[in-house]
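Peer 1: below: sequence and its predicted model.
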Amino acid sequence: MTEISLYHLTASSVESALPKLLERVIDSGKRALVRVESEERVGIINSILWTYDQSSFLPHGTINEGRAGSQPIWITEKHENPNKSDVLVVLDGNETPDLNDFERCLEVFCGTDAAAVDLAQARWRRYTDCGYTTTYWQQSSEGRWETKNSV
């Protein structure tokens, strides 16, 4: 069964936290699928991964670059897994009907957005009610991740 982690951002934006989470996925030898809400958002995340740090690089692609099978990170707004990812990273509150196709799911949400927090709380309850192993991570004021008991 898929292991689910919810990441509650309080000290940084999704755009600044995402590359660090993806670095951890890649460093663990896994592949990631980043699911966003729209084609426009695919372009934004793609640009961020190209420019977030001049001293490092996260290999990734989108439908525009193609060759999904050779991309360790794939960014899409669709319910697909063309690069055979192990880890699903969900942004923008997307639904996850294919959740069980992945070893892990990382749901990342902004703590200053009340609607995003409400959605995360509802999903947390649904996941635990369905028997998934769930972990809730919240950023400290310094930006470090700390486990909490619930959303």
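Peer 2: Alright, I've got the coordinates.
Peer 1: what score does residue 36 have for pLDDT?
Peer 2: Predicted confidence (pLDDT) at residue 36: the value is 97.
Peer 1: who's in contact with it?
Peer 2: 42, 45, 75, 76, 77, 91, 92, 94 (C-beta atoms under 8 Å, 6 or more residues apart in numbering). Where C-beta positions appear, they are placed from N, C-alpha and C, glycine not excepted.
Peer 1: one more time with 7 Å
Peer 2: If you count contacts by C-beta atoms under 7 Å, 6 or more residues apart in numbering, residue 36 has them with 42, 45, 75, 77, 91, 92.
Peer 1: what about the residue lying closest to residue 79 once chain neighbours are set aside, neighbour count?
Peer 2: Ranked by C-beta to C-beta, 6 or more residues apart in numbering and with sequence neighbours excluded, the top spatial neighbour of residue 79 is residue 98, at 5.5 Å. Residue 98 has 15 neighbouring residues, counting by other C-beta atoms under 10 Å.
Peer 1: any stretches of the protein with poor pLDDT?
Peer 2: Along the chain, segments meeting pLDDT under 70 span 151.
Peer 1: residue boundaries of the helices in it?
Peer 2: In the chain, helices defined by DSSP state H lie at 14-27, 39-51, 114-129, listed in chain order.
Peer 1: got JSON lines for those, with mean neighbour count and distance to residue 84 too?
Peer 2: Listed next are the helices of the chain as JSON lines, based on neighbours: other C-beta atoms under 10 Å; distance: least, C-beta to C-beta, whole Å:
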{"stretch": "helix 14-27", "mean neighbour count": "17", "distance to residue 84": "14"}
{"stretch": "helix 39-51", "mean neighbour count": "15", "distance to residue 84": "19"}
{"stretch": "helix 114-129", "mean neighbour count": "14", "distance to residue 84": "23"}
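Peer 1: closest one to residue 33 among those?
Peer 2: For the helices of the chain, proximity to residue 33 was assessed by C-beta to C-beta; helix 14-27 is nearest, at 10.0 Å.
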